[in-house]
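Visitor: Whatever this is, show me its structure:
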Amino acid sequence: MKRLITETEDDGFSPLMGEKVTLLCANYFYTGKLIGVNADFVELEDPAIVYETGDWKAAGYADVQALGCKTLRVRTAAIEAYGKIK
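Guide: This is a model prediction of the structure:
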């Protein structure tokens, strides 16, 4: 398959720095403000775990619970998909 691409220097996470993101991981979904990125981890501020998404088109998640910590690091190896979802 041929594709039109634009080469960039970012790692995929960098353009989302400072934004609220959702990480769809192997076991859980996490959401929070992306404040740090390196080769092994991403760091979320005011993190929460999503137990039930509800309708993906809805404005918020059906069941999202704060983790009670200021920051949380998630291994990039566990992240299957990510983005500004809700």
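Visitor: only C-alpha atoms for contact and neighbour calcs from this point on.
Guide: OK.
Visitor: What mean pLDDT does the strand of greatest length in the chain get?
Guide: With secondary structure taken from DSSP state E, the chain has its longest strand at strand 41-52. On average, the pLDDT along strand 41-52 is 97.
Visitor: What are the contacting residues of it?
Guide: Contact with strand 41-52 is made by 28-37, 61-76, as judged by Cα atoms under 8 Å, 6 or more residues apart in numbering.
Visitor: How about stretch 47-67, which residues are buried there?
Guide: Residues 47-50, 61, 64 are the ones in stretch 47-67 that count as buried (16 or more other Cα atoms under 10 Å).
Visitor: Next, give me the two most distant ones among the residues you listed.
Guide: Pairwise distances across these peak at 13.8 Å for P47 and Y61 (criterion: Cα to Cα).
Visitor: Need the phi and psi values for P15.
Guide: phi -60, psi -20 (degrees, to the nearest 10).
Visitor: Check the burial of it by counting its neighbours.
Guide: P15: 9 surrounding residues under other Cα atoms under 10 Å.
Visitor: ok, now L44?
Guide: By other Cα under 10 Å, 27 other residues sit near L44.
Visitor: what's the answer for V42, then?
Guide: Quick note: V42 (other Cα under 10 Å) scores 18 neighbours.
Visitor: partners of it in the sheet?
Guide: Here V42 shows beta-bridge partners V37, V74, assigned using DSSP bridges.
Visitor: Okay, it and I35: tell me how far apart.
Guide: 8 Å (Cα to Cα, to the nearest Å).
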